[in-house]
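Trainee: what's the 3D shape of this:
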Amino acid sequence: MQSLLRGNPIPERIALRDTTLDIPVGPEETPRMRFEHVSAIILWSADEIRLVQSSFQTAGIGVRVTGSFRNPKAFAPKPVGGTAPGKTADTILAVQNALLSIRWTGARPLLTLEAGGDLGDTESLRVDRALLFTGSGEWRGAPFRGLQASFTFARRRLVMEKLRFDQGAGMLQAAGEADFGGKSGSLEFSGSLGPAGLIRALSGEAAASRWEWTDPVTLSGEASARWGETGGPPDAPRLSAIARVASGCFRYKGVGVRTCSAGIAWRDGKLLLRDFHAEGDPGTLEADLMVAPGDDRVRLKASLHPEAFAPMVDGKAAEALRSLVTTDPLILAFEGWATAPDPLRLRGAGTLELGKASMRESPIRSLTSSFGWGGGAVDFRDIVLRMPEGTASGEFVYDYGNMEGRFPEVRSTADAASIMMWIDPRIAKSIRDYRFVTPPVTRLTGKVGLRDPLHNDLMIEVKAPSGLGYTLIGKNLPFGSTSGTVHLLGQKVLVDLPDSRLFGGGVKLKAEASVAPGDTRFHVTAGVEDVDFRTLTKLYFGYDESGGRLSGSYDFTMTGGDDLSMTGKGNLLIKDGKVLAMLVLGPLSLLLNDIIPGVGYQTAKKATADFTVSEGVIDTRDIVIQGTGFSMLGNGKIHYLEDRMEMNMRLNAQGLPGVVLFPVSKILEYESVGSAKHPKWRPKILPKIGPGSPQATPTPTPPQAP
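Mentor: Presented below is the predicted three-dimensional model:
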C-alpha cells in the first residue's frame, strides 16, 4: 500500500493458477509457443525474481521450473530470428510438432528444470540441472518404453550428461555437448535398437512389412558438428561421424541374413562404408563403398548363390533367378567408380567364377570370365564355359541401358540349345527341334533383345559332321554331315542348311519358324537328290521292297503340333527302282501280270509326280510311271493321317506279246479305294489277254486314234 500511495507500485508476489500463455518465438506472429495450465508462485523484488514453484504444459510435456534470476529490471530479451544459426525459430516449431505427433500410453513426460542467472547478462543464464522422464508411447506406429535424460546449460554450452532411450527391442545411451559460443557440438552413443519400428515410422507400413527382425541392431560411435565457419553457408553445419553397426538375424522379402556388420564414417559430405560383411541365405558379401560429390567408388568380393535373391526382385529377373540352380557358389570380385549415383555412369572391372550349376535344367560344369563395366553395359571377356558335352568361349555384352545381349563372337563345341537356355528359352526351344548327334561346332554373332524381341539379330553358324535328327510328320529323319546357319531375326528363326546328307543322298533345307508367344507356325523348303527310296518308304510306310533313288522338292507351311495344318506343294522323281513294288502300287502289279503276262513291277524303273498337300491329304494329278513297253498315268488322293486313299491308274500298253485284237494300243483303268497301307486295286475293265485266254468278240467301238 505504501508503494501504491507513493505512485511507484512494486509487485512482491505473483500467483498464477491454470493460466494460458501464447508467445511468439520470432519477430513475426508465427511461429509461436503455447504454454497451458500454467501455475506458479513468483517472489519479486527490485534485485531478484524467485520462482518458488512453477509448472505448465507445452507440446504434451509437463514442465516444472525453479530458480532465482537477478536484475529483473535489466532484462531485455532479443527476438529469436529465423536467420539465427540452425534457424532456431523453425527448429523450435519442428520440435513442437514432433512432440505433438507422439501418442503417450504411459506416464506423461515430465521435464524438471533448476535455472538461474543475471537477466541483465543473457550470457550468464544457466540451467543448473534438467531432468527429462517419459513413460511409454508410440511415434508413427513405432512403440517405445521410455526416455530419460539429464543435461545442464551454462555460458551458452549445453551438456547432455546422459540420454537413455528404452525402445523395448533395444536400448540406446548417449552423451554429448553443444557449444553455441564456439559453434561446435559432439555426441557419443552406444546401444541397440529394433529397426522394425523405426522403418515403419520413417517409411510406412508397406516398407516395414518387407522386413522381419529377429535380433536388434547394435551400434556405437561418435559424431561432431561445426557451423558458421568462414567460407561456408552460414546455416550449413559441417558434420563428421564414425560408427560401427552390426545386426544379427533378419529377413528382407523372405531372404534371410544371419549376420551383417559395417563401419560407417561421414565427413565433409563424404560417406564411407568400410568392412561391410553380410552372410546369409545367398552366401557372403564383403564390400567397401565411398559416396562423395562427383566421386563414388565401390569394391566388393562375393561368394553367392544368386537364385536366393529371387524373392527380392520381380518380373523376368525373378523368373531367371528361379530357373537357376547353383551347386557351387558364384565367386565375384569387382572394383568400380562413378561420377554420380547412377548405374549408367558406373565404370569398373572384375572377375567371376562359377562352378557346377544349371539354368532351366541346362547344366554347366564351370564358367569363368573377366568383365568390364561402363556406359550402361557389362562386357564379359575371355569367357570359358564348360558343359558336359563341350565348351564355349568368346565375348558377351550385357547392355542393361538398352536391354540387349550382344555377342561380338562366341565359338562353341557345346550344344547350342543348352547354351541358349541360359540366355533366352524361346530361342532354345526352337533350336531343340534340330537334335545333333554330337554337339556341332558353332559360331555366334549378333544380338538378342532382352526386353523387345524385335531387336533380335543373332546369327549361329553350324558345322555338324556327325549330323542331326529332325522330326517330320511324326518320323525322325537322320541327317548326315550338315552345315549351315540359324538366324534369329526379330521373332523368327531362319534356318539355311545348304549342304546335308540323308539316306545316301543330298539334302538342302530352308526353314522359317516363329518364336513369338503362342505362334508355332513354320515354313520349310526342302530339296533331295538321289536319296535311297527304299529306306524312306520303310521309315514312313514300313515297306521294304521299293528300291531306287528319290529326287524332288517340297515347300510347305505348318503349325507345330497340328499335323492337319500342313499345306504345301512339291514334285518327285523315282528312278532305278522297283516302282510298282511301292506299298500303294504293289497289289496293282499283280493284277497287271494276270492281265498282261510279263508286265511286273520289276520292269517299272521310273516314276514322276507333282503333288499338293492340304488338310492331311496328298493330292496328285499327274503320276507318270514308265516301264518297258508300257506307261502308267494316274491321279488321286492319299489321306496319310487316316490311312485311306482314292487312286486311279491308267495303263497305256504298246507292242506287248499276246495282245490280240488291239492293233495299236489299249487303255486299261484301275482304281483303289480304302487303306493306303493295305490297298486293294480293281480294274474298271476286266479283259484277259495272253496265251490260253478265250477269244472274245469285242463290242464294236468307234475307231480310236493311235
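Trainee: C-alpha only now, for contacts and for neighbours.
Mentor: Fine.
Trainee: am I right that residue 206 sits in a helix?
Mentor: Yes. The assignment for residue 206 by DSSP: H, G, I helix; E, B strand; the rest coil puts it in a helix.
Trainee: let's see the pLDDT reported for it.
Mentor: On pLDDT, residue 206 comes in at 84.
Trainee: kindly report the same for residue 69.
Mentor: Predicted confidence (pLDDT) for residue 69: 90.
Trainee: tell me which helix or strand it sits in.
Mentor: strand 61-70 (DSSP states H and E).
Trainee: now for that strand, which elements pack on it?
Mentor: Judged by 3 or more CA pairs under 8 Å, 6 or more residues apart in numbering; DSSP states H and E, strand 61-70 is in contact with strand 48-58, strand 110-118.
Trainee: burial check on residue 554, number of neighbours?
Mentor: 19 (other CA atoms under 10 Å).
Trainee: tell me who's in contact with residue 108.
Mentor: 60-62, 134-135 (CA atoms under 8 Å, 6 or more residues apart in numbering).
Trainee: what's the following helix or strand after the helix or strand of the chain with the lowest mean pLDDT?
Mentor: Of all helical and strand segments in the chain, the minimum by mean pLDDT, DSSP states H and E falls on helix 586-595, at a mean of 58. Scanning forward in sequence from helix 586-595 by DSSP H and E, the next helix or strand is strand 606-614.
Trainee: buried stuff in that next one?
Mentor: Along strand 606-614, these residues count as buried under the neighbour rule (16 or more other CA atoms under 10 Å): 606-614.
Trainee: just those: which has the poorest pLDDT?
Mentor: residue 606 (82).
Trainee: measure it to residue 507 for me?
Mentor: For residue 606, the distance to residue 507 equals 21 Å [CA to CA, to the nearest Å].
Trainee: for the stretch 151-300 of the chain, what spans make up the helices?
Mentor: 195-203, 205-208 (DSSP state H, counting those that start in this stretch).
Trainee: dump those helices into CSV; add mean neighbour count and distance to residue 281 as well.
Mentor: As requested, the helices of the stretch 151-300 of the chain are arranged in CSV below (neighbours: other CA atoms under 10 Å; distance: least, CA to CA, whole Å):
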stretch, mean neighbour count, distance to residue 281
helix 195-203, 18, 20
helix 205-208, 14, 20
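Trainee: nearest to residue 648, out of the ones you listed?
Mentor: When the helices of the stretch 151-300 of the chain are compared by CA to CA, helix 205-208 sits nearest residue 648, at 77.6 Å.
Trainee: and for the closest one, what are the contacting residues?
Mentor: Against helix 205-208 from outside (CA under 8 Å, 6+ apart): 196-197, 199-200.
Trainee: switch the cut-off to 7 Å
Mentor: By CA atoms under 7 Å, 6 or more residues apart in numbering, the residues outside helix 205-208 that reach it are 196, 199-200.
Trainee: equivalent analysis for stretch 158-165, please.
Mentor: Contacts of stretch 158-165 (CA under 7 Å, 6+ apart): 146-153, 171-179.
Trainee: strands - which of those residues land there?
Mentor: 146-153, 171-179 (DSSP state E).
Trainee: pLDDT weak spots in the stretch 151-300 of the chain?
Mentor: Scanning the stretch 151-300 of the chain for pLDDT under 70 picks out the ranges 229-236.
Trainee: show me where it has strands.
Mentor: Per DSSP state E, counting those that start in this stretch, the stretch 151-300 of the chain carries strands over the ranges 157-166, 171-179, 184-193, 211-213, 217-226, 238-247, 250-252, 255-267, 270-280, 283-292, 295-304.
Trainee: export the ones you listed to a markdown table and tack on mean neighbour count and distance to residue 402?
Mentor: Putting the strands of the stretch 151-300 of the chain into a markdown table (neighbours: other CA under 10 Å; distance: least, CA to CA, whole Å) gives the following:
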| stretch | mean neighbour count | distance to residue 402 |
| --- | --- | --- |
| strand 157-166 | 18 | 50 |
| strand 171-179 | 19 | 47 |
| strand 184-193 | 19 | 43 |
| strand 211-213 | 18 | 33 |
| strand 217-226 | 18 | 40 |
| strand 238-247 | 18 | 38 |
| strand 250-252 | 17 | 29 |
| strand 255-267 | 19 | 29 |
| strand 270-280 | 18 | 31 |
| strand 283-292 | 19 | 26 |
| strand 295-304 | 19 | 23 |
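Trainee: mind putting these in a markdown table, distance to residue 522 included?
Mentor: Formatted as a markdown table, the strands of the stretch 151-300 of the chain follow (distance: least, CA to CA, whole Å):
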| stretch | distance to residue 522 |
| --- | --- |
| strand 157-166 | 71 |
| strand 171-179 | 69 |
| strand 184-193 | 63 |
| strand 211-213 | 49 |
| strand 217-226 | 60 |
| strand 238-247 | 57 |
| strand 250-252 | 46 |
| strand 255-267 | 43 |
| strand 270-280 | 48 |
| strand 283-292 | 45 |
| strand 295-304 | 42 |
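Trainee: hang on, the earlier thing: can you lay out the helices and strands packed on strand 61-70 as CSV showing distance to residue 339 and mean neighbour count?
Mentor: Shown next, in CSV, are those (distance: least, CA to CA, whole Å; neighbours: other CA atoms under 10 Å):
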stretch, distance to residue 339, mean neighbour count
strand 48-58, 48, 18
strand 110-118, 48, 19
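Trainee: which stretch in those strands has the least confidence?
Mentor: Across these, strand 48-58 gives the lowest mean pLDDT, at a mean of 90.
Trainee: and that strand, how far from the chain's centre?
Mentor: 66 Å (CA atoms, centre = their mean, to the nearest Å).
Trainee: give me the sheet partners of that strand and which way each runs.
Mentor: Sheet pairing of strand 48-58 (DSSP bridges) gives strand 32-44 (antiparallel), strand 61-70 (antiparallel).
Trainee: CA atoms only for that strand - export them in PDB, please.
Mentor: Only the C-alpha atoms of strand 48-58 are listed here, as PDB (Å, rounded to 0.1, in the frame of the first residue of the first chain):
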ATOM      1  CA  GLU A  48      15.700 -10.600  -7.900                       C
ATOM      2  CA  ILE A  49      12.900 -12.900  -9.200                       C
ATOM      3  CA  ARG A  50      12.500 -16.200  -7.500                       C
ATOM      4  CA  LEU A  51      10.400 -19.000  -8.900                       C
ATOM      5  CA  VAL A  52       9.400 -20.800  -5.800                       C
ATOM      6  CA  GLN A  53       7.400 -23.200  -7.900                       C
ATOM      7  CA  SER A  54       6.100 -23.200 -11.400                       C
ATOM      8  CA  SER A  55       4.600 -25.800 -13.700                       C
ATOM      9  CA  PHE A  56       3.000 -25.800 -17.200                       C
ATOM     10  CA  GLN A  57       2.400 -28.000 -20.200                       C
ATOM     11  CA  THR A  58       3.600 -27.400 -23.700                       C
END
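Trainee: and for that strand, what's in contact with it?
Mentor: By CA under 7 Å, 6+ apart, strand 48-58 touches 34-44, 62-72.
Trainee: so how do I select the buried members of those in ChimeraX?
Mentor: Filtering the contacts of strand 48-58 down to the buried ones (16+ other CA under 10 Å) takes a single ChimeraX command:
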select :35,36,37,38,39,40,41,42,43,44,62,63,64,65,66,67,68,69,70,71,72
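Trainee: any idea which element the most centrally placed residue in the chain lies in?
Mentor: Geometric centre of the chain, nearest residue: residue 317, 1.3 Å, by CA atoms, centre = their mean. Residue 317 belongs to helix 315-322 when assigned by DSSP H and E.
Trainee: I'd like the next helix or strand past that helix.
Mentor: Heading C-terminal from helix 315-322 (DSSP H and E), you reach strand 324-326.
Trainee: tell me the domain ranges of this protein?
Mentor: With domains defined by automatic domain parsing, the chain comprises 1-135, 169-281, 553-683.
Trainee: pipe those domains into CSV and attach distance to residue 538 per row.
Mentor: Shown next, in CSV, are the domains of the chain (distance: least, CA to CA, whole Å):
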stretch, distance to residue 538
domain 1-135, 88
domain 169-281, 58
domain 553-683, 10
